[in-house]
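Trainee: what shape does this take:
(3 chains)
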Amino acid sequence: MDKIQIGTSINGEAVEFLCEPQQSLLEVLRDTLGRTGTKEGCSTGDCGACSVLMDGRLVCACLVLAAEAGGHEITTIEGLATDAGLHPIQQKFLEHAALQCGICTPGLIVATKALLDRHPDPDETTIRYWLAGNLCRCTGYDKIIRAVQDAARSLAHPA
Amino acid sequence: MAEAVDYKAIGTSPVRPDGVDKVTGRAQYGADLNLPGQIYGKVLRSPHAHARILKIDTSRALALPGVYGVITGQDFPEAEGGEIGGEGGGDVSDLAKNIMARDKVLYHGHAVAAVAAKSLSVAQAALDAISVEYEVLAPVLDLESAMAPGATLIDPSCFTKNLPEKPTAPSNIAAVMKLGRGNVEEGFAQADVIVEGEYRIPMAHQGYIEPHACIASCNEQGQATVWCCTQGHFEFRAMTAKVLRMHIADLKFIASEIGGGFGGKTVIYLEPLAVMLSRKSRRPVKMAMTREEVFRATGPTSGTLARIRVGARKDGTLTAATAWLAYEAGAYAGAPMGPGAMTVFAPYILPNFAVEAFDVLLNKPKVAAYRAPGAPQSMYAMECAMDELAERLGMDPIDLRLKNAAEEGTQAPYGPKFPAIGLKACLNAAKAHPNYTRPLPAGAGRGMAVGFWFNVGMQSSAEVHINEDGTVTIVEGSPDIGGSRASMALMASETLGIPYERIKVIIGDTESAGFSNVTGGSRTTFATGMAVIRACEDIIAQCKSRAASTWGIDADQVDWRDGAAIPAPGVNAALKPLALADIAAGAPKTGGPLLGRASLNAQGAGAGFSVNLADIRVDPETGKVDVLSFTAIQDAGKAIHPAYVEGQMQGGAVQGLGWALNEEYIYDANGVMQNAGFLDYRMPVASDLPMIDTVIVEVPNPTHPYGVRGVGETPIVAPLATAANAVSRATGVRMRDLPLSPPRVLEALEAAGR
Amino acid sequence: MVLPEHLLHLTGGQRVLDIAAENVRDLVLELEERHPGLRAALGRAAVAIDGQIFQDAFLEAIGPDSEVFFLPRIEGG
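Mentor: A predicted model of the protein is given here:
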């Protein structure tokens, strides 16, 4: 099958890859580029484990064709921590024990970033609806919601 | 032991040792590993729920460029019979046939062939090129038809087990179990009120977010290494060895991080296929299921039909109860009807009772363990009946339970007397909780129910390595599914008297850690924890002896306190304490490296009781149900890492709520599951739920050094009845069939003329 | 000691037996002596001694007044 050459930016770095036309961004991220931090739970856009940002917008990488990513900026879970350490959202997920098995965690953290980028001070209902596309089977969401609330506080008032 | 003690580490909730890797995407789960030169395996699955396989032609698939191997049932060795040890047991030949059909397919999605190819798309093309001829048979899809005389037989060699005499004819009832005590008729004769009901609980899936995945790499000598997500790599190794008739020593299993299991990853599906394909292709073979495959072909839990009859005097004293429990096994025997029968009346003092339970074959996937297997179904029915009884008696439902609650010394329905248990403590905590006494929101009902699980011990091993600088590496064999590395490090920190941060816990593979049973049965913190504590005690004994030789005194003149050897009282007080780091630094001169170890079969796991409360509002127009508040109260024995204990309680509560309110396997008349995806198999999402309040009750388990009982499974038991009782009280209509999805609630309301 | 319901056909319906034994191994040997076939039928059954459940009991001590139950092996998820 003929492959397509795509140029994109992933976590601020220019990346070029070859893909088949039917391949999803998720497949390319995980299998071609080895960025396995983005997880696969369903490949039908129902679980949110593969949440990434495309030009700052929250998308399921399994529902985006890899070829569509051309010319766009992709942010994945691997792009959140910096030389200064973990992103405050990551730190708060840890402090609040907001993960058990951890498979949904990268997607939830990316979704939380999209939420807090738009709504720096969300109420509980807003958080619950923003994260409704991310399934977690272990935690019952309680500690995740608390971690997001605390992350919002911490981003608004950096220590 | 296990009285109120001031602990330094235990009872705190530090960040887990493996946390950073899990929030940054570094942690490697089942599908995250790739090997050089790997190819991809995929499974061809049956489009029929029940059919004879007449012919499989793989020649066209094998002729495709980029296809390296095809296997079918014919390639497998004749399976040996006999039981599989450990968790998720069952019969070896059933297990072998479940992962690859031989002459018959028994459910829609049953594996019939597998291919290995250079890419997923070529693998898919190869599956499409395989032709299978079937003789389609009538599917058996519900308990009543499966149990009826003259039913189509799933397995003509199945004769009901556990009857006094072997039955004369085969049937779909694989086994029965009976329990009883006293005289039920006399008991009901003494009752002033008798409640009776029939309850249906649907087949439901564990719903872990990570699909099953593995990579196998086999060499020319037939030895294989398998990376996979599993709740127990030692037992996966043993099962794979039995199915493929290999020596255990020729198989190495490496557990990846695991993205949820809840019992569903205690059995093998892909692993032997990947080993065989790798053997044929002489390349590493990677296999991962799609979500649809997970639903159609892996571990749901039994749908259940339960009939309960319970009688009480006017004052609420129970006089008699009976339970009739039929559990769907799916295609092969092994429904959790035993634990279902043993738990159904476990919370209560019952002088007269009889339980009859059935393990029933039908054309659905073979069930696997799911969190407290069997208990949510049977206890759902009993706890609903208890609520109805309380209403009929005009009693508070907690008071009714307190009146009959089992306590230390009560003869459990399954035989022995209970040791110290926390049921009454949980009931009293529930009664005193503000969520139980505050005014009920408009349109809402308040429900409560009791949950119970035995918890188990089983085998675990641990090694404690003291590094040259006194830091500690613990090697154990229990996959960490919910933060158990943190619990292990906390118990080691407490025992050794050194800071938590200096301890690293790793899960060794089958060749670098001692044998351990699965992470399941709520046993890891209890049993593997016990092994870690014993291994730390081994280190302390060695350190005392090293200190004694350093000081030139006897080992019994040395004590251990706060991570250091000190002279015992009355011994030369001028000797300066020798910290673990000092002893480690001096180790080359005092006998070499410090390595502590323990392996054990932990006994005496403590029974775990819980009480749940919920306020639920029902919209009479649409039948939609809203959970306004939920409170989980549970006896943990001792919470080592309270935040993760709360997490188990909250997660279990929500899984139970999902099962109660929306989750179910929906089949068409041909036995094809209609909702094999997360869109239609509706698990709870964040916007469905309130915060889940928790109360950890601590009635220590006397058999564990720190009082641990095990907490992982009990939380899923009570939410089903809690939700149904709240909905029934909100609407004034008793609803006995789950899930309480909007159409079903609406139907019940309309039938009742509301 | 007390047997589960489904094994009573091996003991002629007798559910409760009085047996002197120092540990589970001796108890099972004595049971087999009295009711051949029982040992195999017990298989991997769990044993409760005075309320304490042992999944794999063998040399566990039994006192003169101990109450011993055989019960189905409990697993979990």
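Trainee: list the contacts for whichever residue of chain C sits closest to chain A?
Mentor: Nearest residue of chain C to chain A: C:Gly77, at 13.0 Å (Cβ to the nearest Cβ). Where C-beta positions appear, they are placed from N, C-alpha and C, glycine not excepted. For C:Gly77, the set of contacting residues under the criterion of Cβ atoms under 8 Å, 6 or more residues apart in numbering or on different chains consists of B:206, B:261-264, B:266, B:369-373, B:520-521, B:713.
Trainee: pLDDT added to those residues, as CSV?
Mentor: Output for those, formatted as CSV (pLDDT from 0 to 100):
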residue, pLDDT
B:Gln206, 98
B:Gly261, 97
B:Phe262, 97
B:Gly263, 96
B:Gly264, 97
B:Thr266, 96
B:Ala369, 96
B:Tyr370, 97
B:Arg371, 97
B:Ala372, 97
B:Pro373, 97
B:Gly520, 91
B:Gly521, 88
B:Glu713, 97
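Trainee: hang on, the earlier thing: how close does the spatially closest residue to the residue of chain C closest to chain A that is not a sequence neighbour get to B:Gln206?
Mentor: Using Cβ to Cβ, 6 or more residues apart in numbering or on different chains and skipping residues adjacent in sequence, the residue nearest C:Gly77 is B:Gly263, 2.4 Å away. Counting by Cβ to Cβ, to the nearest Å, the gap from B:Gly263 to B:Gln206 is 6 Å.
Trainee: stretch A:108-121 vs chain B: in contact?
Mentor: Yes - figure legend: stretch A:108-121 in contact with chain B (Cβ under 8 Å from any Cβ of the partner chain); contacting residues A:Ile109.
Trainee: buried residues, that stretch. List them.
Mentor: Of the residues in stretch A:108-121, those scored as buried under the neighbour-count criterion (16 or more other Cβ atoms under 10 Å in any protein chain shown) are A:108-116.
Trainee: likewise for stretch B:28-40?
Mentor: Going through stretch B:28-40 with 16+ other Cβ under 10 Å, the ones that come out buried are B:28-33, B:38-40.
Trainee: so which of those are also by chain A?
Mentor: Near chain A, by the rule Cβ under 8 Å from any Cβ, you find B:28-29, B:31-32 out of the buried residues of stretch B:28-40.
Trainee: can you tell me which of the residues you listed are in helices?
Mentor: Cross-referencing these against helices under DSSP state H gives no overlap.
Trainee: for those residues, which one is nearest chain C?
Mentor: Among these, and counting by Cβ to the nearest Cβ, the member closest to chain C is B:Tyr29, at 19.5 Å.
Trainee: where are the low-confidence patches of chain C?
Mentor: Filtered on pLDDT under 70, chain C yields no residues whatsoever.
Trainee: so which residues of it form helices?
Mentor: Per DSSP H, chain C has helices spanning C:24-34, C:38-42. These are given in chain order.
Trainee: mind giving me the packing neighbours of the first one?
Mentor: Packing contacts for helix C:24-34, counted by 3 or more Cβ pairs under 8 Å, 6 or more residues apart in numbering or on different chains; DSSP states H and E, involve helix C:38-42.
Trainee: in the helix it packs on, what's buried?
Mentor: When burial is assessed from 16+ other Cβ under 10 Å, helix C:38-42 yields the following buried residues: C:38, C:41-42.
Trainee: now render those residues as JSON lines, adding distance to B:Ser728.
Mentor: Putting these into JSON lines (distance: Cβ to Cβ, whole Å) gives the following:
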{"residue": "C:Leu38", "distance to B:Ser728": "46"}
{"residue": "C:Ala41", "distance to B:Ser728": "43"}
{"residue": "C:Leu42", "distance to B:Ser728": "43"}
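Trainee: using TSV, lay out these together with distance to chain A.
Mentor: As requested, the buried residues of helix C:38-42 are arranged in TSV below (distance: Cβ to the nearest Cβ, whole Å):
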residue	distance to chain A
C:Leu38	43
C:Ala41	40
C:Leu42	37
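Trainee: which residue does chain A have closest to chain B?
Mentor: Nearest residue of chain A to chain B, counting by Cβ to the nearest Cβ: A:Gly37, 1.8 Å away.
Trainee: contacting residues around the closest residue to that residue other than its chain neighbours?
Mentor: Closest residue in space to A:Gly37, ignoring its immediate chain neighbours: B:Gly25 at 1.8 Å, by Cβ to Cβ, 6+ apart. Shown here is B:Gly25, whose contacts under the criterion Cβ under 8 Å, 6+ apart are A:35-38, A:76-78, A:106.
Trainee: ok, back up a step: for the ones next to chain A among the buried residues of stretch B:28-40, which one is nearest B:Pro439?
Mentor: For these, the closest approach to B:Pro439 (Cβ to Cβ) belongs to B:Tyr29, at 46.1 Å.
Trainee: pull the distance from the longest helix belonging to chain B to the chain's centre.
Mentor: Ranked by number of residues, the top helix in chain B under DSSP H is helix B:529-551. Averaging C-alpha positions (Cα atoms, centre = their mean, to the nearest Å) puts helix B:529-551 34 Å from its chain's average.
Trainee: tell me which helix or strand comes right after it.
Mentor: strand B:558-561 (DSSP states H and E).
Trainee: now do the strands in chain C.
Mentor: For chain C, applying DSSP state E gives strands covering C:46-49, C:52-54, C:68-71.
Trainee: make JSON lines from those strands and add mean neighbour count and distance to chain B to it.
Mentor: Listed next are these as JSON lines, based on neighbours: other Cβ atoms under 10 Å in any protein chain shown; distance: least, Cβ to the nearest Cβ, whole Å:
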{"stretch": "strand C:46-49", "mean neighbour count": "24", "distance to chain B": "3"}
{"stretch": "strand C:52-54", "mean neighbour count": "21", "distance to chain B": "5"}
{"stretch": "strand C:68-71", "mean neighbour count": "22", "distance to chain B": "3"}
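Trainee: next, format the ones you listed as a markdown table and append distance to chain A.
Mentor: Written out in a markdown table, the entries for these read as follows (distance: least, Cβ to the nearest Cβ, whole Å):
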| stretch | distance to chain A |
| --- | --- |
| strand C:46-49 | 29 |
| strand C:52-54 | 27 |
| strand C:68-71 | 31 |
